[in-house]
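Predicted structure and sequence below. I'll ask about it afterward.
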Amino acid sequence: MIFDAVDFDAHEAVHFATDEATGLTAIIALHSTHLGPAAGGTRWWSYADDAAALTDALRLSRGMSYKNAMAGLPMGGGKGVIIKDAPKTEAMLEAFGDVIESLGGRYVTAEDVGMSDQDMTVIARRTRHVSGLPVAAGAVGGNPGPSTAEGIFVGMRAAVAHKLGRHDFKGVHVAIQGLGSVGGALAEKLAVAGAVLTLADVDAARAAAYAARLGATAVDVTAITRVAADVFSPNALGAVLDAPTIAGLQVAVVAGAANNQLATPNDGAALAARGILYAPDYVINAGGIISVVAEYLGHGDPAEVARAIAAIEGRLADIFVTADRIAMPTDMVADSMARKLIGRG
């Protein structure tokens, strides 16, 4: 039963949707609407089984509740998952838009892994509860990747300052896992800032191309978590920080964009026990949702969005100081703060 699922956390609703004509099989999980409509992207992904898809939707939607609350957004948390067992067509995306519309505005989607801003335009044919649409140059909205990367950059700066006493990235060695729209943009920012980079991606050719352009080193994706560096930055899929990975880390800081980086609730404490500073993922990776929510709500001032993303740096600094003061892992400090904000503290 879903209520017995490990990651079911008093979710307000979990919707299962199918459309035989288009091959759509999807899950929309609404964790909390305490602060407003449940906002969170939709991912299109291939799962081992339906249980794995449900786990992803539950974990991601809870993370969105925490992320939106900590970012000070008037939105709750939700997530959509389209199971990749049929070709992604416009008809399928339109059917998914119909599902979102049937929820009456309780869920607002945007792009996530496997989806694009062009996909959002197709979904938007059937519902207005969608953001991350293509926009004119210089406007708020569109692909949230660059905004997410900016948040990771300033958040990593807070972590490097707290742990290493460094206030810039010159000579700081960062090992980046994943070079998609976020990881790639982050690598470029760090290269400009003078960081030493080691890069890895499931697409080895992509990693090699980035390394050649940025003067970095590329390694096999299976080796990146064991690189001796100052910072490990996971920017691919979640659950990368498990017991074996943590035991093999040779870094002082973990700061990246991947959602649900901790494989189990005990892994934050395991990082802390090793003296590794962890930047809670849903705090540091909030730049993208800040941008798409501003678009959705019609708050189109790019300068205001930039200020909200810049605030991630100070928010993380406060979490780090609090964690030191009360001798608690950073993920537990952030979770406690977020749950209070959504009325579950």
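Done, it's in.

Leaving out the residues flanking it, which one is nearest to the spatially most central residue of the chain?
By C-alpha atoms, centre = their mean, the chain has its centre lying nearest to Asn259, at 4.1 Å. Excluding the flanking residues, the one nearest Asn259 by C-beta to C-beta, 6 or more residues apart in numbering is Gly238, at 5.1 Å. Placement of C-beta: from N, CA and C, glycine included.

do the same with Ala110
Spatial nearest neighbour of Ala110, chain neighbours left out: Gly132 (3.5 Å); criterion: C-beta to C-beta, 6+ apart.

So which residues of the stretch 51-200 of the chain form helices?
Taking DSSP state H, counting those that start in this stretch as the criterion, the stretch 51-200 of the chain carries its helices at 90-102, 117-123, 145-164, 181-192.

And the stretch 201-345 of the chain, by the same measure?
204-214, 243-248, 267-273, 281-284, 287-297, 302-326, 330-341.

counting contacts, what elements does the second one pack onto?
In terms of contact count using 3 or more C-beta pairs under 8 Å, 6 or more residues apart in numbering; DSSP states H and E, helix 243-248 is assigned the packing partners helix 267-273.

count of neighbours near the residue nearest to Ala110?
32 (other C-beta atoms under 10 Å).

Distance of it relative to Ser291?
Distance of Gly132 to Ser291, computed by C-beta to C-beta, to the nearest Å: 8 Å.

mind putting the helices of the stretch 51-200 of the chain in JSON lines, mean pLDDT, mean neighbour count and distance to Arg339 included?
Putting these into JSON lines (pLDDT from 0 to 100; neighbours: other C-beta atoms under 10 Å; distance: least, C-beta to C-beta, whole Å) gives the following:
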{"stretch": "helix 90-102", "mean pLDDT": "98", "mean neighbour count": "20", "distance to Arg339": "27"}
{"stretch": "helix 117-123", "mean pLDDT": "93", "mean neighbour count": "20", "distance to Arg339": "30"}
{"stretch": "helix 145-164", "mean pLDDT": "97", "mean neighbour count": "23", "distance to Arg339": "21"}
{"stretch": "helix 181-192", "mean pLDDT": "97", "mean neighbour count": "22", "distance to Arg339": "26"}
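
could these go into CSV alongside distance to Ala71?
CSV is the format used below for the helices of the stretch 51-200 of the chain (distance: least, C-beta to C-beta, whole Å):
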stretch, distance to Ala71
helix 90-102, 22
helix 117-123, 20
helix 145-164, 9
helix 181-192, 16
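
Out of these, which is closest to Pro74?
Taking C-beta to C-beta, helix 145-164 is the member of the helices of the stretch 51-200 of the chain nearest to Pro74, at 17.8 Å.

in the protein, which helix or strand is least confident?
helix 287-297 (a mean of 91; mean pLDDT, DSSP states H and E).

so what does that helix touch, helix or strand wise?
strand 38-39, helix 50-70, helix 145-164, helix 302-326.

give me that answer again for 6 Å
helix 145-164, helix 302-326 (3 or more C-beta pairs under 6 Å, 6 or more residues apart in numbering; DSSP states H and E).

Could you dump those helices into TSV and include distance to Asp230?
Below are the helices and strands packed on helix 287-297 laid out as TSV (distance: least, C-beta to C-beta, whole Å):
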stretch	distance to Asp230
helix 145-164	6
helix 302-326	16
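
how about the ones you listed, which one is nearest Asp4?
So among the helices and strands packed on helix 287-297, helix 302-326 is nearest, using C-beta to C-beta, at 31.8 Å.

sorry, back to before: pLDDT wise, what is the residue nearest to Ala110 at?
Gly132 is assigned 81 on the pLDDT scale.

Tell me who's in contact with Arg274.
Going by C-beta atoms under 6 Å, 6 or more residues apart in numbering, Arg274 touches no other residue.

What does it show for phi and psi?
Backbone torsions for Arg274, taken as degrees, to the nearest 10, come to phi -90, psi 0.

Leu35 now?
phi -100, psi -10.

Make 522 the starting number, not 1.
In the new count, where the first residue is 522, that last one comes out as Leu556.

which residue sits closest to it in space, ignoring its chain neighbours?
Using C-beta to C-beta, 6+ apart, the closest residue to Leu556 is Gly597 (5.3 Å).

residues in contact with that neighbour?
Counting by C-beta under 6 Å, 6+ apart, Gly597 has contacts 553-557, 559, 586.

measure it to Arg649 for me?
In terms of C-beta to C-beta, Gly597 sits 18 Å off from Arg649.

returning to that earlier point: quick check, the residue nearest to Ala631 in contact with Val813.
Yes - counting by C-beta atoms under 6 Å, Gly653 does reach Val813; the two are 4.7 Å apart.

Return every residue with contacts to both of the two.
Common contact partners of Gly653 and Val813 (C-beta under 6 Å, 6+ apart): 631, 665.

Count the residues that sit near Ala572.
10.

again but with Asp633, I slipped
21.
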